[in-house]
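Chemist: Okay, predicted coordinates and the sequence, questions at the end:
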Amino acid sequence: MRPFRTWVVVMVVTGMFATAAPAQTGRRFEILGIGGGGGMFSPIGSPHDPKLCFVSCDMGGFYVSEDGGKHWWMTNAFQMRGNTSCRPGFHPTDANVVYMPYGRGQFRVSTDRGRHWETLCVQGGWQRDRVNAVNIDRGGDGSVILVCTADGLYRSTDGGKSFTRVQDIAGSVIWAHFDQTSPGNARRVIAGVSEGVYVSTDAGATWTKKGRGVTGALSGFCAGSDPNRKTVVCYAVTAKEAFVSTDAGESFRKVFDAPDGNFRFACMAETQPDVCYITTTRGWGVYKTTDAGRSWQAVFHFLGGPKQNVKWGWLATDYTPGWGGSAIGFGVNPAHPDHVMFTNTGELFVTADGGRTWSQAMSEPAHGNWPQRDGAWTTNGLEVTTVWSYNFDPFDPNRTYICYTDIGFMRSTDRGKTWHVASKGSPWRNTFYNMQFDPDRKGVIYAAAANHHDIPGWTNNTGPRGPGGVVMSTDHGASWRPMTRGLPQGRIPCTCVLLDPRSPRDGRTLYCVMHGDGVYKSTDGGESWVKKTKGLGRPGNMNLYLVRFGPDGNLYALITAKRKDHDFDVAGGLWKSTDGAETWTELTKDVDLWWPCEFAVHPKDPKKIWISTSDVPVKSGGGLFVSTDGGETWKHQLTNRDFDPKVCSFVHVFAIAFHPKDPEVMYLSVWTHGLFRSEDGGKTWKRIEGIPSETGINRVTFDPEDPDVMYVTTFGKGVWRGPAKGY
């Protein structure tokens, strides 16, 4: 690392990590958006109350519904995060008690139906292994709990306070069932494991391999038992075959070949062993048996026609029916086989009649119950997509806009109450990174669009992988046209567009960032572009991300990380141009910024510059770099040591923002640790509480009619509106 010159700053970080606020939303912050749109996993309803439902997001959100999926709220991420492989477990007699694994080996409990969570076991032994299931004897007292993981089975006999690893089972344990036909003092447990089926006759303490007749590695398993009928039925699926056992797992017979794709999930209510559902990986295959596997019927008819029984949401209606795809999450209520949940990469569907009818459960249509193309929608609380920016139209504050990852662009004409899909005409509909309004022409908007999402996140900082460019709208974002003459074609995404408001109305000067290539300039309102990279970048890293103006009209351009595997060998940095991008000079040549994410120049003093950075393996380097002399010298003002390691052992600092009334009031978005506010120009910081999305904060925007109200955009958890002070 090259040495860097420093100046001394006395800085104290105070009050960063106070106790997290209650999980309920709506007290200080409320969620906005169109609903859904991202990957959802591990859905399940409570056996005590089918209306109490849970679902997880792959970007950390853990959501709870108390009305069967009509409305959702998100738990505090510091108390419980989403789990993409494991559904919650439920106490056998106490309807308020719910169990979930958390983080690296923790086991947590909620005693109030998912509102708040506490740690029962600090380290259960499974470390970071994938947890597949939490299984509890529904006829017991809750003391024996099994945690099924990708690396074996863990057992607790004290209600989850401690666990020991079971020695008799090897492989990935999918699911375990406590057989209710067996005596309580010699409880039989049947477990499906990747390599076969195991049976225990002492409540899971010791195991013997059974499952004669099953061939191939298991991808799904479930079992149920009825003590009144003395019936036990087990269902096991491999990629292409489904097997059934009616002798408590001793032997199996093949009953079903996969009709399309591969089998994935096998799920059932443990109280009714004759009923089971199996999903496939192609199309929307969901198959159901009501006679212990003797016959199977398709029960999820997604496409149009006389058999269609699925009520679509906005995603299938306005994009394409195939956008969300097959089930990546599936759950049957443990005690109510008619209550089933289906999730994919953007949608959630529920049925309460055993699959006869299904309805989307991620949004509320403003136009009635049936989907309508170009219709208005509003969230029901289940927001699971990344938002880069929330924008107010300067001509009409009732018009607001959201730049999304994965689902493109949304517009509202009622200040965010309802939303319309609005990426029509853009060749790149996956991600809108930012937008710029023409200050003199009502309805004219420019946007940076791409089919490469989530730059500069870890999974997307290796270099350009998808196309993009600048698009323009003249109808308030209802439709767009590409403006690409002179821009590079192919797999080069556009991550930023900037309009110079001082340029002539009929010949606007624009700048755009083509990630991995350079900065481009237009002097004819975007109709043509010229590359402007003299002095910009360094060999091996042209991963440009942002271009912005300082208060003096000078341009600044940020180059973010260039990662290869876990190596960051070529630093990014910040460059400045004083001649309209004709030439560039690096401001960070004396400091290696391995993963710079954003930068901010003080709105009134161009000498004050902040650069946010993220930790990288071995080199670290995350935090906040500050200059008070226009980039001549830099101080690593915040480092990973200033953030609570109990929350996360590393730090990813993303964005800096200023309050519009007072630039000494600053906001710091930290992907790993939350949103922070400073009232003294960044000398001290305090974490803002009350936003359930405590992690994955992206940016902050302020209401132009009421600057004391802010809009917080997040990585995977929508937009949150609340007080700018945070309290």
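Modeler: Happy to help now that I have it. Treat the numbers as computed from the prediction; the structure is a model and nothing was measured.

Chemist: Return the residues in contact with residue 598.
Modeler: 545, 546, 558, 611, 612, 654, 655, 656 (Cβ atoms under 8 Å, 6 or more residues apart in numbering). The way it works is simple: take the backbone N, C-alpha and C, and place the C-beta from them, glycine included.

Chemist: Who does whichever strand or helix holds it pair with, and is each partner parallel or antiparallel?
Modeler: Using DSSP states H and E, residue 598 maps to strand 596-601. Next to strand 596-601 in the sheet, as set by DSSP bridges, lie strand 609-613 (antiparallel).

Chemist: Not counting its own residues, what contacts the partner strand?
Modeler: Under the criterion Cβ under 8 Å, 6+ apart, residues 556, 558, 574, 587-588, 593-602, 621-627, 630-631, 634, 653-656, 668-669, 682 lie in contact with strand 609-613.

Chemist: Then stretch 572-588?
Modeler: Residues contacting stretch 572-588 (Cβ under 8 Å, 6+ apart): 509, 511, 519, 521, 532-538, 541, 543, 554-562, 571, 589, 591, 593-596, 599, 609, 611, 625, 627, 630-631, 634.

Chemist: will you turn the contacts of residue 598 into CSV that also has distance to residue 252 and pLDDT?
Modeler: Below are those laid out as CSV (distance: Cβ to Cβ, whole Å; pLDDT from 0 to 100):
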residue, distance to residue 252, pLDDT
545, 54, 98
546, 58, 98
558, 59, 98
611, 60, 98
612, 56, 98
654, 51, 97
655, 54, 97
656, 59, 98
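
Chemist: from those residues, which would you call buried?
Modeler: 545, 546, 558, 611, 612, 654, 655, 656 (16 or more other Cβ atoms under 10 Å).

Chemist: for the residue nearest to the second one when sequence neighbours are not counted, helix, strand, or coil?
Modeler: Taking Cβ to Cβ, 6 or more residues apart in numbering, and ignoring the residues beside it in sequence, residue 546 has residue 558 as its nearest neighbour in space, at 4.4 Å. Residue 558 falls in the strand class when you classify it by DSSP: H, G, I helix; E, B strand; the rest coil.

Chemist: Please report how far residue 558 lies from residue 401.
Modeler: According to Cβ to Cβ, to the nearest Å, residue 558 and residue 401 sit 23 Å apart.

Chemist: and which of the contacts of residue 598 is nearest to residue 105?
Modeler: residue 654 (27.8 Å; Cβ to Cβ).

Chemist: Could you measure from the closest one over to residue 457?
Modeler: Taken as Cβ to Cβ, the span from residue 654 to residue 457 is 9 Å.

Chemist: just residue 671 next, same as before
Modeler: 8 Å.

Chemist: Now for the two: what residues contact both?
Modeler: residue 715.

Chemist: higher neighbour count, the two?
Modeler: The neighbour comparison of residue 671 against residue 457 (other Cβ atoms under 10 Å) goes to residue 671, with 24 against 19.

Chemist: ok, residue 726 - contacts?
Modeler: 28, 675, 677, 688, 689, 690.

Chemist: For these, which ChimeraX command selects only the ones that are buried?
Modeler: Of the contacts of residue 726, the buried ones can be selected in ChimeraX as follows, counting by 16+ other Cβ under 10 Å:
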select :28,675,677,688,689,690
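
Chemist: Max pairwise distance over the contacts of residue 726: which two?
Modeler: Checking these with Cβ to Cβ, the most distant pair is 28 and 677, at 13.4 Å.

Chemist: Now render the contacts of residue 726 as JSON lines, adding secondary structure, distance to residue 76 and pLDDT.
Modeler: Formatted as JSON lines, these follow (DSSP: H, G, I helix; E, B strand; the rest coil; distance: Cβ to Cβ, whole Å; pLDDT from 0 to 100):
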{"residue": "28", "secondary structure": "coil", "distance to residue 76": "12", "pLDDT": "82"}
{"residue": "675", "secondary structure": "strand", "distance to residue 76": "13", "pLDDT": "96"}
{"residue": "677", "secondary structure": "strand", "distance to residue 76": "18", "pLDDT": "97"}
{"residue": "688", "secondary structure": "coil", "distance to residue 76": "13", "pLDDT": "92"}
{"residue": "689", "secondary structure": "coil", "distance to residue 76": "9", "pLDDT": "86"}
{"residue": "690", "secondary structure": "coil", "distance to residue 76": "9", "pLDDT": "83"}
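
Chemist: any idea which of the contacts of residue 726 is closest to residue 95?
Modeler: residue 690 (28.0 Å).

Chemist: Contact partners for the closest residue in space to the closest one that isn't next to it in sequence?
Modeler: Leaving out its chain neighbours, the residue that sits closest to residue 690 by Cβ to Cβ, 6+ apart is residue 28, at 4.0 Å. Applying Cβ under 8 Å, 6+ apart to residue 28 gives the contacts 21, 690, 691, 722, 723, 726, 727.

Chemist: and what of residue 403?
Modeler: Residue 403 sits next to 387, 388, 389, 391, 409, 431, 432, 433, 434, 435, 447 when contact means Cβ under 8 Å, 6+ apart.

Chemist: what pLDDT does the residue nearest to residue 196 when sequence neighbours are not counted get?
Modeler: Once flanking residues are discounted, residue 196 sits nearest to residue 211: 4.6 Å by Cβ to Cβ, 6+ apart. You'll see residue 211 listed with a pLDDT of 97.

Chemist: hang on, residue 211 packs against residue 253?
Modeler: No - with contacts counted by Cβ atoms under 8 Å, residue 211 stays clear of residue 253, the gap being 11.5 Å.

Chemist: Comparing those two, which residue is more hemmed in?
Modeler: Higher neighbour count among residue 211 and residue 253: residue 211, with 25 against 12, using other Cβ under 10 Å.

Chemist: how near is that one to residue 191?
Modeler: To residue 191, residue 211 is 10 Å away according to Cβ to Cβ.

Chemist: which residues of the stretch 601-727 of the chain fall in strands?
Modeler: For the stretch 601-727 of the chain, the strands defined by DSSP state E, counting those that start in this stretch cover 609-613, 623-627, 635-638, 653-658, 666-670, 674-678, 686-687, 697-703, 706-714, 719-723.
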